[in-house]
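# give the three-dimensional model of this entry:
(one chain, ligands or ions: 1)
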Amino acid sequence: MKYISTRGQAPELSFEDTMLTGLARDGGLYVPAEIPTLSHDDIAALAGLPYEEIAFRVMRPFVGDSFSDDEFAEIIAKAYAGFGHDARAPLKQLNEGHFLLELFHGPTLAFKDFAMQLIGQLFQVALKRRGERVTIVGATSGDTGSAAIEAFRGLDAVDVFILYPHGRVSEVQRRQMTTPQEPNVHALAMDGDFDACQARLKDMFNDFAFRDDVRLAGVNSINWARVLAQVVYYFSAATSLGAPHREVSFTVPTGNFGDIFAGYIAKRMGLPIDRLVVATNQNDILHRCLSGQGYRKGDTIPSISPSMDIQVSSNFERALFDAYGRDGGAVAQLMDELKTQGGFDVSQGAMQALRETYASGRVSEDETRAAIAHWAKASGELLCPHSAIGVDVGEAMRGSAAGPMITLATAHPAKFPAAVQDASGIHPPLPPRMADLYERPERVTRIANDLATLEDHIRKNIRT
Ligand SMILES: *Cc1c(COP(=O)(O)O)cnc(C)c1O
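Numbering: from 1, shown residues only. Below is the predicted model:
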């Protein structure tokens, strides 16, 4: 299995090298050269299997020779052992024809644990075999960072630095990043918003001298291994509701387009998905783009769903690559326009390709609060603000999409207690295993939005 860049100018890599590299050297994102498919019978056989077994069968074709069957099965087993629910990704019925896929039973209470816990184990096995070490730098709007720190804490071949926008993450998110005391994990509170953090991260990857010096590796949602890990629960959810014998649709609270792109991969692998619905908050660049208004950056407006406060969705580049017939030159040109002119128009052909798969909806702050209150009353389900946005859009769309609608619940309500309590009057308690989070001491460095300062700090703090 080979991986190619969405901008067509970087070398082809194996799964392992793709995972360890993150961003391609031409600035693009790695995608599989060909997408493997599962037959109707292969998919039917997944129904009712344990999550780990589904994970093995769905991901195995993408991994190639990088890991043996036994190694890969053990990696998967370790990755999901720490989850607080035996089903890993349980499904709950919300309403007639509308289901909630609970992705918040991992160690940091958000869906990012599915990918990050797997990546932690994959990195450990690969680096140990190579006798190498890496420096992981990530940018987060909240949930990626805590998931990464949780996945890598204490691993001796890896140092981790997480940039988050100072003052723009929830207290639970911040504490999940700042309370681990292992010396190999570092939380950096950067001045600026998430897009600024993401821009500095890209700058570091494009500074090849720095990148090679510290052996920089990325685990942001651009990392292919993360997308791959997220493909699994589309299969587990769909097959438990009757796929491949009937179609299903999904609604996904979307920011960086990683989670929903995993759904697209599942569809390309043969899972009968009718609609993939992008649900956005007021930071709605994706909804505007899918509504035919071009892809144009606005200012990021802080919301009660901070993990979706994103104006440039990195993984959308992967969707564009396929929509433009895998023309890396065309994608490189669009990304150049985005950088120099703040946006671009999507060609008619590419819009048509996108609309064959994706639909979209946008939810305002007031509507988000109303949805949290409504579902607490209507079904006793306390939704986090991100999940509430998904459910609101999913409910509106389920009539026009084929099969049951499955909305992804991306975080536990206790991760955003203030917003949930404000909207519903109900305080969502943390699960017992995390009850002492507010008492643990914090460790964090406040840092300027400046490339040289960041690089200097990282060089001084990596272990050799
Ligand atoms: C990261 C995140 C999202 C957005 O996911 P993307 O893959 O970036 O689209 C939505 N909800 C929560 C709770 C998240 O942590």
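# mind listing the strands for the stretch 151-300 of the chain?
158-165, 185-190, 216-217, 248-253, 273-280, 295-296 (DSSP state E, counting those that start in this stretch).
# go through the ones you listed and pick out the most buried.
strand 248-253 (a mean of 29; mean count of other Cβ atoms under 10 Å). C-beta coordinates here come from the backbone N, C-alpha and C atoms, glycine included.
# out of the strands of the stretch 151-300 of the chain, which comes closest to Pro306?
strand 158-165 (8.6 Å; Cβ to Cβ).
# do the closest one and the ligand meet?
No - applying Cβ under 6 Å from any ligand atom, one finds strand 158-165 separated from the ligand by no less than 12.3 Å.
# quick revisit: which of the strands of the stretch 151-300 of the chain comes out lowest on mean pLDDT?
Ranked by mean pLDDT, the strands of the stretch 151-300 of the chain end with strand 216-217 at the bottom, a mean of 90.
# now it, how far from the centre of its chain.
How far strand 216-217 lies from its chain's middle: 18 Å, per Cα atoms, centre = their mean, to the nearest Å.
# which other helices and strands does it contact?
strand 134-139 (3 or more Cβ pairs under 8 Å, 6 or more residues apart in numbering; DSSP states H and E).
# give me the contact list for the strand it packs on.
20, 123, 127, 144-145, 148, 152, 157-164, 194, 197-198, 200-201, 204, 214-220, 458, 462 (Cβ atoms under 8 Å, 6 or more residues apart in numbering).
# list the buried residues of the longest helix seen in the chain.
Secondary structure of the chain per DSSP state H: the longest helix is helix 112-130. Neighbour-count burial for helix 112-130 flags 112-127 (criterion: 16 or more other Cβ atoms under 10 Å).
# again with stretch 344-358
So for stretch 344-358, counting by 16+ other Cβ under 10 Å, buried means Phe344, Val346, Ala350, Met351, Ala353, Leu354, Thr357, Tyr358.
# tell me who's in contact with the second one.
The one in question is Val346. Contact analysis of Val346 by Cβ under 8 Å, 6+ apart lists Cys289, Gly294, Tyr295, Leu320, Ala323, Leu354.
# what does the second one show for phi and psi?
Spelled out, that is Gly294. When read as degrees, to the nearest 10, the backbone of Gly294 gives phi 80, psi 170.
# what pLDDT is listed against the closest residue to it other than its chain neighbours?
Residue nearest to Gly294 in three dimensions, not counting chain neighbours: Asp345, with 4.5 Å by Cβ to Cβ, 6 or more residues apart in numbering. Per-residue pLDDT puts Asp345 at 98.
# what does the stretch 251-400 of the chain put close to the ligand?
Pro253, Thr254, Gly255, Asn256, Phe257, Gly258, Asp259, Ser307, Met308, His386.
# would you agree the last one is in contact with Thr410?
Spelled out, that is His386. Yes - His386 is within contact range of Thr410, at 4.8 Å (criterion: Cβ atoms under 8 Å).
# surely Pro11 is in a helix?
No - assigned with DSSP: H, G, I helix; E, B strand; the rest coil, Pro11 falls outside any helix and is coil.
# do you know how far it is from the ligand?
26 Å (Cβ to the nearest ligand atom, to the nearest Å).
# how near is the nearest residue to that residue once chain neighbours are set aside to Gly8?
Leaving aside its chain neighbours, Pro11 sits nearest to Arg25 (7.6 Å; criterion: Cβ to Cβ, 6+ apart). Distance from Arg25 to Gly8, counting by Cβ to Cβ, to the nearest Å: 12 Å.
# all helices of the stretch 1-150 of the chain, in order?
Along the stretch 1-150 of the chain, counting by DSSP state H, counting those that start in this stretch, helices occupy 15-21, 40-44, 51-63, 69-80, 112-130, 143-152.
# run a quick neighbour tally on the closest residue in space to Ala217 that isn't next to it in sequence.
In space, and not counting its chain neighbours, Ala217 is closest to Val134: 4.2 Å by Cβ to Cβ, 6+ apart. Val134: 22 surrounding residues under other Cβ atoms under 10 Å.
# cool, and Gly84?
Neighbour number of Gly84 under other Cβ under 10 Å is 15.
# what's the answer for Ser14, then?
Neighbour count for Ser14, taken as other Cβ under 10 Å: 15.
# state the phi and psi torsions of it.
Backbone torsions for Ser14, taken as degrees, to the nearest 10, come to phi -80, psi 170.
# that one touches Thr21, doesn't it?
No - if you go by Cβ under 8 Å, Ser14 and Thr21 don't touch, sitting 10.2 Å apart.
# which residues sit in contact with His457?
Phe161, Leu188, Thr445, Ile447.
# how close does the first one sit to Met204?
Separation of Phe161 from Met204 (Cβ to Cβ): 10 Å.
# try the third one
When distance is defined by Cβ to Cβ, Thr445 is 16 Å away from Met204.
# looking at the two, which is more packed in?
Met204 (22 against 13).
# hang on, that one packs against Leu451?
Yes - the criterion here is Cβ under 8 Å, and Met204 meets it with Leu451 at 7.0 Å.
# what sits in contact with each of those two?
Contact criterion Cβ under 8 Å, 6+ apart; residues shared by Met204 and Leu451: none found.
# picking that back up, neighbour count: His386 and Thr410, which is higher?
Each of His386 and Thr410 has its neighbours counted (other Cβ under 10 Å); His386 has more, 32 against 29.
# helix or strand: which one has the more buried one?
helix 385-397 (DSSP states H and E).
# angle of that helix against helix 143-152?
If you take axes from the mean of the first three to the mean of the last three Cα atoms, to 10 degrees, helix 385-397 sits at 120 degrees to helix 143-152.
# what residues does the stretch 101-250 of the chain have near the ligand?
Ala110, Lys112, Asp143, Ser221.
# and with 5 Å instead?
Within the stretch 101-250 of the chain, the positions near the ligand by Cβ under 5 Å from any ligand atom are Ala110, Asp143.
# right, and the ligand sits closest to which residue of the stretch 101-250 of the chain?
Asp143 (3.1 Å; Cβ to the nearest ligand atom).
# pLDDT value on that residue, please?
81.
# from Pro272, how far out is it?
30 Å.
# then Ala418?
Using Cβ to Cβ, Ala418 is found at 40 Å from Pro272.
# who has more neighbours, those two?
Between Ala418 and Pro272, Pro272 has the larger neighbour count (other Cβ under 10 Å), namely 18 against 12.
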